[in-house]
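K.L.:
here is my input; please provide its structure:
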Amino acid sequence: MRIVLDTNILARANPHSTAWPGVCCLRSWNRQIHVLVLSSFLLREGKATLIAAIFIAVSLIANVSCAGERKKGHNFASKLFHFKNGVWTPAPAFADRAGFALSSRGILWIWDRSGELGKLDGELWTRYGKTQFGEPKDRLATPMTRVALQDDVLWKVTSKGVARFNGKSWRLYEEALKTDWPIDMVAGPSGVWIIDFYGNLSHFDDGKWTIQSLNVISSAPPPPGWNHWLDADEPPRLILTGDGRLWVFWHGLWRQDGEGWNEIRLQDLGLSRALLIGHDEDTVWLRSQGSDIVSVAADGTTRERYSWRKMGLSRQPEIRSLTVVSKRIWVATSEGLIVFDGQRWNSMGWPSDYSWIVSIAPAPDGSAWVRGVKVLDER
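P.N.:
Numbers count the residues shown, from 1 in each chain. The predicted model follows:
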């Protein structure tokens with residue numbers, strides 16, 4: 001199941017690219033989050049209040065600096081579209097700034113930063129209020145949410161734990177999270193997985209939650225080019241391949257093997273400048289610094305690799321999302337939507353004025369839901 005988390009797309013953006021809308025503020029925002037996390041930790045542990053106050057002050061200064069950068073940039077607008085038979089149909093306005101995902105039956109789910117949730121089943125929209133999941137516990141609890149689908153069961157991270165919706169009723173698991181700072185979530189045949197900023201990995205399977213620390217990964221000396229694990233410029237990413245295997249992209253590429261982790265070492269791809277963009281049945285897909293898309297197998301070999309020129313693009317694009325369905329490769333790029341049919345690459349174009357496609361979720365009927373971005377004006 002391909003999960004599209006584009007409400008929080010900046011949290012997944014490659015911090016080394018300045019072409020992405022808003023990326024000038026990405027590092028500042030991520031550092032603010034880590035500053036607040038660290039400040040909260042110091043206060044909870046009874047450390048010096050003055051130290052925590054200094055960290056918070058640094059966060060505020062970074063925010064002012066980022067605001068100054070934004071004034072020199074551009075205004076951007078995003079919109080959700082349904083692409084079918086060559087026609088781009090816009091979704092309702094309330095879905096424009098929402099993250100989205102498709103169930104195995106093609107039901108569209110959307111969610112926004114406030115915690116509200118909605119679904120489209122056929123032609124019928126149903127919307128759910130955030131009060132059904134609980135309000136934030138304190139001022140430091142972020143309003144961001146994570147959502148993942150396990151067949152037709154929806155899982156949602158809330159400020160009070162993890163909520164499960166089976167299509168009829170909700171259940172809240174308050175014991176699911178160790179901290180209030182989840183950063184990524186996936187679900188599939190092997191269960192539900194959530195990782196936080198500290199590297200605590202929560203797993204739901206056989207009706208119960210377990211939590212383990214990934215210190216064996218984060219405490220290892222990072223490869224050349226990576227920073228310290230506390231640097232929020234490189235937050236952990238999870239991905240679940242079709243065979244149910246969990247992969248972690250965090251100062252390297254790791255694949256779960258029983259109770260342990262195998263590091264996937266690549267000879268011809270610099271991971272410190274790569275971006276995790278998708279998966280298929282048993283491989284993960286990365287975008288290289290030069291905008292090649294690369295399929296990596298568990299043994300570290302390159303299964304497939306395509307340059308942007310081979311994909312038929314006229315210039316080096318930004319690529320943030322890739323999905324493989326029935327051997328068709330769908331790629332969201334700053335040059336529109338492109339699809340590989342097994343023999344050649346084809347351009348599907350883009351909706352009017354929204355040439356930058358940032359995320360995509362193909363549906364069972366061969367159509368797709370995509371998020372488009374356009375520049376409004378210069379600030």
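K.L.:
which residue, neighbours along the chain excluded, lies closest to residue 369?
P.N.:
Distances taken as CB to CB, 6 or more residues apart in numbering place residue 361 nearest to residue 369, at 4.8 Å, with adjacent residues excluded. Where C-beta positions appear, they are placed from N, C-alpha and C, glycine not excepted.
K.L.:
which strand or helix spans that neighbour?
P.N.:
Assigned by DSSP states H and E, residue 361 falls within strand 356-362.
K.L.:
so where's the stretch 1-150 of the chain uncertain?
P.N.:
Where the stretch 1-150 of the chain drops to pLDDT under 70, the residues are 1-74, 115, 129-145.
K.L.:
give me that answer again for 80
P.N.:
Along the stretch 1-150 of the chain, the parts satisfying pLDDT under 80 run over 1-74, 97, 112-116, 128-145.
K.L.:
try the stretch 201-350 of the chain
P.N.:
Counting by pLDDT under 80, the stretch 201-350 of the chain shows low-confidence ranges at 215-235, 251, 259, 267-268, 272.
K.L.:
which residue ranges of it form helices?
P.N.:
215-218 (DSSP state H, counting those that start in this stretch).
K.L.:
ditto for the stretch 51-200 of the chain
P.N.:
Using DSSP H, counting those that start in this stretch, helices in the stretch 51-200 of the chain do not occur.
K.L.:
was I right to think residue 160 contacts residue 174?
P.N.:
Yes - using CB atoms under 8 Å, residue 160 is in contact with residue 174, at 5.9 Å.
K.L.:
so which of the two has more stuff around it?
P.N.:
residue 160 (18 against 11; other CB atoms under 10 Å).
K.L.:
what separates the more buried one from residue 186, distance-wise?
P.N.:
Distance of residue 160 to residue 186, given as CB to CB, to the nearest Å: 21 Å.
K.L.:
same check, this time on residue 98
P.N.:
Applying CB to CB to residue 98 and residue 186 gives a distance of 19 Å.
K.L.:
okay, those two: which has more neighbours?
P.N.:
Remark: of residue 98 and residue 186, residue 186 carries more neighbours, 26 against 21, as counted by other CB under 10 Å.
K.L.:
so what's the closest residue in space to that one that isn't next to it in sequence up against?
P.N.:
Using CB to CB, 6+ apart and skipping residues adjacent in sequence, the residue nearest residue 186 is residue 240, 4.4 Å away. The neighbours of residue 240, taking CB atoms under 8 Å, 6 or more residues apart in numbering as the test, are 1, 186, 187, 188, 190, 193, 246, 247, 279.
K.L.:
also residue 189?
P.N.:
243, 244.
K.L.:
for it, give me the pLDDT.
P.N.:
Note on residue 189: pLDDT of 88.
K.L.:
for residue 377, same thing?
P.N.:
Per-residue pLDDT puts residue 377 at 69.
K.L.:
tally of neighbours for the residue lying closest to residue 89 once chain neighbours are set aside?
P.N.:
Excluding its sequence neighbours, the residue lying closest to residue 89 (CB to CB, 6+ apart) is residue 82, at 4.6 Å. By other CB under 10 Å, the residues close to residue 82 number 17.
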